[in-house]
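Participant: sharing a sequence plus its predicted fold:
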Amino acid sequence: MTEYFGGKLNRLERTLPAGLLVDAAWMTRNGYSTSLRTQYVAAGWLVQPTRGTFKRPLGTLTWQNAVVSLQTLLGYPLTVGGRTALELQGFAHYLRADGSTVVHLHGVDAPPGWLFKLPLAERFVFHNSGVLFTSDPVTSDPVTADGGQRLREHGGVTADLLKAGAFKSLREGEWSLVVSSPERALLELLDELPNDESFHQVDMLVEGLRNLSPGRLQRLLEDCRSVKVKRLLFWFAERHNHAWLARLDRSRVDLGKGKRMLVKGGKLDRTYLITVPEDLSAPV
């Protein structure tokens with residue numbers, strides 16, 4: 001029994017890297033019964049950041065490690081997107097700093113409820129990517145027996161999962177996060193206008209996005225369901241006269257019909273039939 005107990009513990013140290021966490025279902029799939037994990041917790045070999053989750057006492061629990069755990073060990077098809085993805089790729093100085101830290105996660109299926117109960121300073125917000133894009137989101141290949149080594153080598157991401165540039169594997173310390181490319185993250189951010197993002201902050205951001213990939217944007221725009229987002233993308237790009245705009249084929253993008261009131265009391269843009277803030281209505 002001692003050999004069995006110790007052998008299981010040694011295997012757990014190999015398959016559950018320090019700093020990452022798993023849930024009860026993962027423990028059961030990997031042969032750790034309720035009674036066995038109760039013993040591990042009592043002995044201090046495992047800790048529970050919140051009910052139903054387990055991690056080794058080594059390594060600090062961060063929001064990045066929580067997301068890496070979801071994307072790799074637990075196999076959730078979630079990506080870091082929107083404002084968070086842009087911040088991670090160096091655009092934080094264009095976006096608001098209101099004293100709160102929100103981590104935007106995108107996917108078709110919501111993350112487990114325990115994610116929102118973790119003792120972290122950051123707050124997670126989930127967005128259903130199926131509402132914004134037609135194509136399925138990136139999917140994960142869950143890590144099993146050789147998890148620790150494989151995570152270190154590949155970050156839990158294979159090349160075919162990066163969707164022709166719509167996503168990126170971004171190094172965060174020892175691990176890699178799957179995040180939206182700047183092009184996709186921008187469309188995700190535009191989807192938050194006008195209720196949850198500021199026109200003026202987004203305007204400053206878009207001004208600095210001079211090196212976006214027109215090919216990647218074209219594919220994303222054709223896949224995008226939101227008329228509002230597509231019209232805003234073209235409007236902001238024209239406002240800042242970006243070179244990549246000329247390489248987009250607008251005829252292949254469905255911009256819908258009719259007006260969209262985005263700003264109460266704003267000025268109607270006659271080209272894209274959207275109301276925008278009066279002080280942003282003229283090209284820069």
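Facilitator: Done, it's in.

Participant: pLDDT at the residue nearest to residue 130 when sequence neighbours are not counted, what is it?
Facilitator: Of all residues not flanking residue 130 in the chain, residue 108 sits nearest, at 4.6 Å (CB to CB, 6 or more residues apart in numbering). (Each C-beta comes from the backbone N, C-alpha and C, glycine too.) We have a pLDDT of 89 for residue 108.

Participant: so residue 108 touches residue 131, yeah?
Facilitator: No. Checked against CB atoms under 8 Å, the pair residue 108 and residue 131 is beyond contact range at 9.3 Å.

Participant: circling back to that earlier point, and the residue nearest to residue 130, what are its phi and psi?
Facilitator: phi -80, psi -40 (degrees, to the nearest 10).

Participant: ok, now how distant is it from residue 76?
Facilitator: Distance, residue 108 to residue 76, using CB to CB, to the nearest Å: 10 Å.

Participant: more crowded one of these two?
Facilitator: Counted by other CB atoms under 10 Å, residue 108 and residue 76 do not tie: residue 76 has more neighbours, with 21 against 14.

Participant: now that one: closest residue in space, sequence neighbours ignored.
Facilitator: residue 70 (4.2 Å).

Participant: from the chain's centre, how far out does the helix or strand that contains the one you found sit?
Facilitator: Per DSSP states H and E, residue 70 falls inside helix 63-71. When distances are taken as CA atoms, centre = their mean, to the nearest Å, helix 63-71 is centred 11 Å away from the chain's centroid.

Participant: packing partners of it?
Facilitator: Packing contacts for helix 63-71, counted by 3 or more CB pairs under 8 Å, 6 or more residues apart in numbering; DSSP states H and E, involve strand 21-23, strand 102-107, strand 175-180.

Participant: among those strands, which is nearest residue 278?
Facilitator: strand 102-107 (28.5 Å; CB to CB).

Participant: and the strands in the chain, which stretches?
Facilitator: 21-23, 53-55, 79-80, 102-107, 123-128, 167-172, 175-180, 267-269, 274-276 (DSSP state E).

Participant: in a markdown table, list the ones you listed along with mean neighbour count and distance to residue 208.
Facilitator: Listed next are these as a markdown table, based on neighbours: other CB atoms under 10 Å; distance: least, CB to CB, whole Å:
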| stretch | mean neighbour count | distance to residue 208 |
| --- | --- | --- |
| strand 21-23 | 23 | 36 |
| strand 53-55 | 22 | 38 |
| strand 79-80 | 28 | 20 |
| strand 102-107 | 22 | 19 |
| strand 123-128 | 15 | 23 |
| strand 167-172 | 18 | 18 |
| strand 175-180 | 26 | 17 |
| strand 267-269 | 17 | 22 |
| strand 274-276 | 21 | 19 |
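
Participant: which one of the ones you listed has the lowest average pLDDT?
Facilitator: Among the strands of the chain, strand 167-172 scores lowest, with a mean of 81.

Participant: returning to that earlier point: just want the angle from the helix holding residue 70 to strand 102-107.
Facilitator: Here helix 63-71 runs at 10 degrees with respect to strand 102-107, directions being taken by axes from the mean of the first three to the mean of the last three CA atoms, to 10 degrees.
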